[in-house]
Structure formats: C-alpha cells, structure tokens
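1. no sequence for this one, just the structure:
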C-alpha cells in the first residue's frame, strides 16, 4: 500500500473563482500508465483525485510520484484542507491511499484596494486629461446613485469650476481585439508558464464638462475635443516596476456617431453651462484579479533538448533500405517548447 503524503502546496492562496494552477509536492502519487508507441487517443484517465475542502480540482496532471498540478475549483472564501487520493484503473479511490493536509489552501476574493493594470489605465487617462486640458478632472460614480434619494438631485463632487466629470467606465466585451491563444511566459529556469487568454474589453467613459460662463464652456469644449483628436492612443507603462519593458498603447476614440469627435451641449436646469461626450478606450485585457498573484496561470511547459530522427530511404520496388543514400534528418529546435 502506497500511502501519499502532501509536502507542500504552491501557491497556498488563490481566487474564490478558482481555475488557477496549483502545484502539489507529495510522495507515493500513482503515475499514469506509460503510453504505448504509435497512435494514441490522447486521453489518459486521472490516477489521482485532488479535493479542495469538498470541491474537486480539474485538470490534474501527475508528473512524477512526487509532483502534480491541478486547477483549483470554485469555493467559498476561507481556509480549506486539501486531500489527494490515488485512483485505480476504473477511476475509483484505492482504499488507504489517501492523505489530507489541513489548512493547506486559502480561497480569497479580490483585494479591491490594490492598484492593478485596469486601475492604472483609468488613472493614466484622468492624469493625461489633467495635464493637457484642465486640472479639475474628477472620477464619479454613475449619477443615478446619490447619497440622498429624496432630493431628486444627481450630484458630482467638484471642488471648483470649471471642471470635467468622468462617469464610469462601463466595461463592454470587445471580440475584435481579443485573442483565443494562451500566452507563454519564460520563467528563466528552463520552464515556461502558460497563461489563459485574457478577456478583452472596451472602457466607456461619459465625460461631462461644466462651467459658469458661456465662454468658459465653449473653450473647455474645444480643448476637450482637441484632446481626443490629438490623443488617438492612450499610453501606459507596461510594468511600472520595470520601465525597460516599454509602454503599451490603447486606441482611444469617441463612440462612432457618424461625425468627427465633438462635445455635445447638454440642457441644464441650473445656471451651469455644460457639455457631454463619450470616450472609448479599446482593447484592454482584463487579466489577474487585483491582489491575486498568477490568477491567470493554468499550465507549465518545459524546454526540450534537440533530438534527431534518422529517416532511411526505402526502395519502392523491393522495400529494402537504401543504406548508400545519405540520411535525412528532422528534429526539434532547442528553443521549441512542449506542454508537459
């Protein structure tokens, strides 16, 4: 009887939404059967079951008797045990070949106070407008929400006039800029992390300019329109901690309305003059959850050494090998990667 023992779990935390890659170091894991030479179905039954606090992991891959990877399941926030169980050829648990590690994994919701690439992009957009148009640019919740619903007012907190209030953004799926291909990240140690294809979206902002004087409103509308016309792309550092990685650009435009970008007058019951327009930043990839490292990691690949297969020509009439002919060789380049 080979009784497993869980040694370590990496990472030990992950999102409650699951589907992130977890590596479990253990011993006495049941290896999958060796595949016979020749064509195969490509399907191998799982030989180990992994349980996260009562929820089964998916995509279990046993690499050796001491290591496996799996995709964590969806689960409630909190600390849970992990159980690994060896399975027989029918996929049933083998009696006595199971082990549990208490308090092995923590499911967590996103940390909403951590800045990620999404919040950096919104901040970059606001800061560029402050730099090029007007200092008083504020981000506000949708004006349908008010602290006092009884006053029938839709208020934005503005410290001074004139100002631009940015409402939103709304997040809208964008299939035009999306990709279905997983990306491969070089870990620098001969292994490569595979990240799932990101969810690509557009960010829709409603921009409202307000002023007390008509001349201010007109000039602000013109400056806002020129800002959009001059900044067809919004640029952001790819990684603020590593500026050598350069910058990434996102297309920025007005929502198509059959005309050139412009600011549209808005009717107001107050003595404020205002205009409004909708700005769209296209093709942003929503990836790791805020505060959840490697949320998108789903698999590993490893670098393989080059190998050569001799292909010996055969006489079409006799079927005998033509040993006098030079061998043809085919192979895999050392930089090629294969999924483990």
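-> Thanks, I have it. On a predicted model such as this, the values are computed, not experimentally measured, just so you know.

2. check which helix or strand covers residue 205.
-> Assigned by DSSP states H and E, residue 205 belongs to strand 199-211.

3. show me what that strand is packed against.
-> Counting contacts by 3 or more Cβ pairs under 8 Å, 6 or more residues apart in numbering; DSSP states H and E, strand 199-211 is packed against helix 117-132, strand 163-173, helix 214-230, strand 273-286. From N, CA and C alone the C-beta is placed, and that goes for glycine too.

4. of all these, which lies closest to residue 239?
-> The stretch from the helices and strands packed on strand 199-211 with the least distance to residue 239 (Cβ to Cβ) is helix 117-132; that distance is 9.0 Å.

5. and stretch 229-244, how far out from the chain's middle?
-> Stretch 229-244 sits 19 Å away from the centroid of its parent chain (Cα atoms, centre = their mean, to the nearest Å).

6. start and end of that stretch, how far apart?
-> 29 Å (Cα to Cα, to the nearest Å).

7. give me the contacts around it.
-> Outside stretch 229-244, the residues within contact range by Cβ atoms under 8 Å, 6 or more residues apart in numbering are 117, 120-121, 124-125, 128, 132, 245-253, 260-261, 281.

8. now do stretch 204-222: everything it contacts.
-> Stretch 204-222 is contacted by residues 125, 133-134, 156, 158, 161-172, 224, 255, 263, 266, 271-281 when judged by Cβ under 8 Å, 6+ apart.

9. now do the contacts for the residue nearest to residue 203 when sequence neighbours are not counted.
-> The shortest distance from residue 203 to any non-neighbouring residue, by Cβ to Cβ, 6 or more residues apart in numbering, is to residue 169 (4.0 Å). For residue 169, the contact set (Cβ under 8 Å, 6+ apart) comprises 122, 203, 204, 205, 281.

10. on that earlier part again, just the buried ones among the contacts of stretch 229-244, please.
-> Buried members of the contacts of stretch 229-244, scored by 16 or more other Cβ atoms under 10 Å, are 117, 121, 124, 125, 128, 248, 250, 252, 253, 261, 281.

11. do I have it right that residue 30 meets residue 93?
-> No: at 10.8 Å, residue 30 does not count as touching residue 93 under the criterion of Cβ atoms under 8 Å.

12. got any residues that touch both of these two?
-> By Cβ under 8 Å, 6+ apart, the residues touching both residue 30 and residue 93 are 86, 87.

13. of these two, who's got more company?
-> residue 30 (20 against 12; other Cβ atoms under 10 Å).

14. can you pull the contacts of residue 21?
-> Residues counted as contacts of residue 21 (Cβ under 8 Å, 6+ apart) are 69, 70, 71, 294, 297, 298, 299, 300.
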